[in-house]
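In: when you get a sec, could you give me coordinates for this:
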Amino acid sequence: MAILSSVAFAAAPVVEPTGMWSSKIKDESLRKLAPQSGFIADAQTWKKLWTAWQPGEELPKVDFTKELILVGTVPGPNQVVIRPTLTDKRNVKLAVFGTEIAGPGFGYKLIKISREGVKTVNGKAIEAKGAQGVLIIPKTVGSFEGHTLEIKLWEYDPFLADASAKLVDEFGAKTYGHMQGKDTETSFSVGAKLEPRKDRRYYITVFVVKDGKRTHIGERDGKSGLCKVLTQGNPAWVKMIARAVR
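Out: Numbering: from 1, shown residues only. Model prediction:
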């Protein structure tokens, strides 16, 4: 018999969903697509997740100017329960739990809620300026120490092919390292003072450097290509996965 995990809840009011979808997926690797923030606030991330988790199904309409998607997953072929409550600080506290059946894959639940009266989800701002994210050095990457981390936000004019991109902001660490066998995660934020222009495009670069040479590169979701953010439906929150530079 499946047993629900016990969780103690505060007396905060429950946030009622306006839409809900759930299922179980055998391919456990697809669980990595779940946002670590616990929510989706942009159309591009929503489409990517839905297409991966519900292939062939019509993408539900979400007005991200008025709505949010909350995401919850549990390991194994289990049913998921999400209980979002709203605190007096306009923070949605997201509790996720589920049944306890052993086996491969994972279960997920997606719920749509109104953004009205919500400023943060689990303490993370849904309207934070600039771009935020997490850099993950996978446990399979070899150990290193004494390197430099460079995360930069760039702005460019898409109509001027010969013009160089402009550096907007950067985040980094002069002493940066990683130990093989365990993921290294670094949260970052760039461009907090930026007011994005609709006629400009923005992208993030992530490099780990040693003695002036790039040793590792961060790529969004581990895939090559320009990591565009902020405008034209591109996300403000990204997951960058590093690999050694070949």
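In: C-alpha from now on. contacts and neighbour counts both.
Out: OK.
In: pLDDT averaged over stretch 108-127 - what is it?
Out: For stretch 108-127, the mean pLDDT works out to 90.
In: next, the distance between the ends of that stretch.
Out: From the first residue to the last, stretch 108-127 extends over 25 Å; the measure is CA to CA, to the nearest Å.
In: buried residues in it, which are they?
Out: By 16 or more other CA atoms under 10 Å, the buried positions in stretch 108-127 come out as 108-115, 118-121, 126.
In: what domains does the record give for the chain?
Out: Here the domain assignment for the chain is 19-125, 131-244, based on automatic domain parsing.
In: could you check how far the longest one is from the centre of its chain?
Out: Taking CA atoms, centre = their mean, to the nearest Å, the mean C-alpha location of domain 131-244 is offset from the chain mean by 13 Å.
In: and it, how far apart are its ends?
Out: 24 Å.
In: cool, stretch 157-171 as well?
Out: First-to-last residue span, stretch 157-171, CA to CA: 22 Å.
In: as a whole number, average confidence for that stretch?
Out: 92.
In: quick one: contacts of it?
Out: 149-156, 188-191, 194, 199-201 (CA atoms under 8 Å, 6 or more residues apart in numbering).
In: for that stretch, buried residues please.
Out: 157, 165, 168-170.
In: for those, which one is nearest Ser224?
Out: In terms of CA to CA, no member of those lies closer to Ser224 than Ala165, at 19.1 Å.
In: rewinding a little: identify the farthest-apart pair in the contacts of stretch 157-171.
Out: Leu149 and Asp199 (29.8 Å).
In: out of the two, which sits in the more crowded spot?
Out: Legend: neighbour count by other CA atoms under 10 Å for Leu149 and Asp199, higher for Leu149 (21 against 11).
In: how near is the residue lying closest to Ile40 once chain neighbours are set aside to Glu155?
Out: Nearest non-adjacent residue to Ile40, counting by CA to CA, 6 or more residues apart in numbering: Ile69, 5.1 Å away. Shown here: Ile69 relative to Glu155, a distance of 28 Å by CA to CA.
In: and what of Ala242?
Out: Distance, Ala242 to Glu155, using CA to CA: 22 Å.
In: next up, the contacts around the nearest residue in space to Leu226 that is not next to it in sequence.
Out: In space, and not counting its chain neighbours, Leu226 is closest to Tyr203: 6.8 Å by CA to CA, 6+ apart. Neighbour list for Tyr203: 153-155, 226-229 [criterion: CA under 8 Å, 6+ apart].
In: distance of Tyr203 from Gly172?
Out: Counting by CA to CA, the gap from Tyr203 to Gly172 is 16 Å.
In: dihedrals phi and psi, the spatially most central residue of the chain?
Out: In the chain, the centroid-proximal residue (CA atoms, centre = their mean) is Pro35; its distance is 3.7 Å. As for Pro35, its main-chain torsions (degrees, to the nearest 10) stand at phi -70, psi 130.
In: list the neighbouring strands of the worst-scoring helix or strand of the chain on mean pLDDT plus their orientation.
Out: Taking mean pLDDT, DSSP states H and E as the measure, the helices and strands of the chain show their lowest mean at strand 124-125, namely a mean of 83. Looking at strand 124-125 with DSSP bridges, its partner strands are strand 120-121 (antiparallel).
In: that concludes my questions; thank you for your assistance.
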